[in-house]
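Engineer: mind folding the following:
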Amino acid sequence: MNIKPIKNEKDYQQALKRLELLFDAKKGTEKGDELEILSILIDKYESENFPIGMPDPIEAIKFRMEQMGMKQKDLAEVVGFKSRVSEILNKKRKLTLEMIRKISASLHIPTDVLVQEYIAE
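Structural biologist: Here you go, the predicted model:
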């Protein structure tokens, strides 16, 4: 096992190639241990160099509604009036703390996504 830190793109590409070779290694073996350590190093490098930001709160709500097969009337049961849902989804009205709590609980969207600042139109 010859593992070293991933410091640049070349190291990253080499680590990915090695990971591919070790992909089916059995857990608890030397190759399995190497696979686990290499995965951690790759994840750390990707997190630092290719960060993925959080989604827009309203887009997250729309996406989750689509996943759950929900319509605006279904969300109205969570936050109140149907007209209010339309205003929220069209960014005409900001989410309140109470709405955030209810949406998070009902749609299982993390509150840290919903509390992000966004521009109402």
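
Engineer: return the set of buried residues in the worst-scoring helix or strand of the chain on mean pLDDT.
Structural biologist: When each helix and strand of the chain is scored by mean pLDDT, DSSP states H and E, helix 82-89 comes last, with a mean of 92. For helix 82-89, burial by neighbour count (16 or more other C-beta atoms under 10 Å) applies to 84-85, 88-89. For the C-beta atoms, the positions are set from N, CA and C on the backbone; glycine is no exception.

Engineer: what of stretch 72-83?
Structural biologist: The neighbour-count check on stretch 72-83 (16+ other C-beta under 10 Å) flags 75, 79 as buried.

Engineer: what's next to it, contact-wise?
Structural biologist: 61, 65, 84-86, 88-89, 99, 102-103, 106-107 (C-beta atoms under 8 Å, 6 or more residues apart in numbering).

Engineer: need those residues in JSON lines with distance to residue 116, can you?
Structural biologist: Below are those laid out as JSON lines (distance: C-beta to C-beta, whole Å):
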{"residue": "61", "distance to residue 116": "12"}
{"residue": "65", "distance to residue 116": "18"}
{"residue": "84", "distance to residue 116": "20"}
{"residue": "85", "distance to residue 116": "19"}
{"residue": "86", "distance to residue 116": "21"}
{"residue": "88", "distance to residue 116": "14"}
{"residue": "89", "distance to residue 116": "16"}
{"residue": "99", "distance to residue 116": "14"}
{"residue": "102", "distance to residue 116": "17"}
{"residue": "103", "distance to residue 116": "13"}
{"residue": "106", "distance to residue 116": "18"}
{"residue": "107", "distance to residue 116": "15"}
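
Engineer: return the member of the residues you listed nearest to residue 33.
Structural biologist: Of all those, residue 107 has the smallest distance to residue 33: 39.6 Å, by C-beta to C-beta.

Engineer: host element of the residue nearest to the closest one when sequence neighbours are not counted?
Structural biologist: Nearest non-adjacent residue to residue 107, counting by C-beta to C-beta, 6 or more residues apart in numbering: residue 64, 4.6 Å away. Take DSSP states H and E as the rule and residue 64 turns out to sit in helix 57-68.
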